[in-house]
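Undergrad: here are the coordinates; sequence isn't available:
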């Protein structure tokens, strides 16, 4: 099946620093990648949709200047949390689809971010 | 009204029991449906797609009821390893729109 990786899997940083998370589709070219955030005991919350070569589409309430998304190739998307604060601590998960945004999504293993 | 609604549970069932979850959706233009399973502190994994005619995969059966706008997931002969949160996903046939349910928590008890 389609495999998606994320790196790092766990990061702890000081308040005010920026953190970059990578999402890679390992054995397929992903037309679309998605970024989610999930707080403990809550459902996934879609943050943005990322298409290769174009600007990401952010969901309402998600600051695009704080959560920078770069989809540089069909196998790599990055999410940078700029000037992270403790309230940004969360589980960040990416997913990728093979053909279109409404195709089956394959999820990365997630990145647990803790901001001190 | 939410696009997709699920009973959050928790559902606590004994091993061997049969349990069913429903997921209702509000938009009749919904086109595709999936069930995902998410273990604690892990990413969601695709469990099965839901086809119009219903489909079965081992102990798992998924069904779609378009008239009443819900999908269901039936788990027979529950195993301890079935304990997880089950998320439904509903995809519209217009644009790039999809919606996750909030998930139903299942705990299978020895």
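TA: That came through, no problem. Keep in mind it's a predicted model, so treat the numbers as computed, not measured.

Undergrad: and the spatially most central residue of chain A, what element?
TA: Residue closest to the mean C-alpha point of chain A, counted by Cα atoms, centre = their mean, is residue A:35 at 3.5 Å. Assessed by DSSP states H and E, residue A:35 sits inside strand A:32-38.

Undergrad: strand partners of that strand, parallel vs antiparallel please.
TA: According to DSSP bridges, strand A:32-38 forms sheet pairs with strand A:45-51 (antiparallel), strand A:90-97 (antiparallel).

Undergrad: what lies in contact with that strand?
TA: With contacts defined as Cβ atoms under 8 Å, 6 or more residues apart in numbering or on different chains, strand A:32-38 is touched by A:23, A:25, A:44-51, A:56, A:67, A:69, A:71, A:77, A:79, A:90-97, A:100-101, A:105, A:110, B:96. The C-beta positions use only the backbone N, C-alpha and C, and glycine is treated the same way.

Undergrad: one more: stretch A:60-78?
TA: For stretch A:60-78, the external contacting residues (Cβ under 8 Å, 6+ apart) are A:20-26, A:29-31, A:33, A:35, A:47-48, A:50-54, A:56, A:58, A:79-83, A:94, A:96.

Undergrad: next one: it to chain centre, how far?
TA: Centre-to-centre, stretch A:60-78 and its host chain are 7 Å apart (Cα atoms, centre = their mean, to the nearest Å).

Undergrad: which positions within that stretch qualify as buried?
TA: Residues of stretch A:60-78 classed as buried by neighbour count (16 or more other Cβ atoms under 10 Å in any protein chain shown): A:62, A:67-69, A:71, A:74-75, A:77-78.
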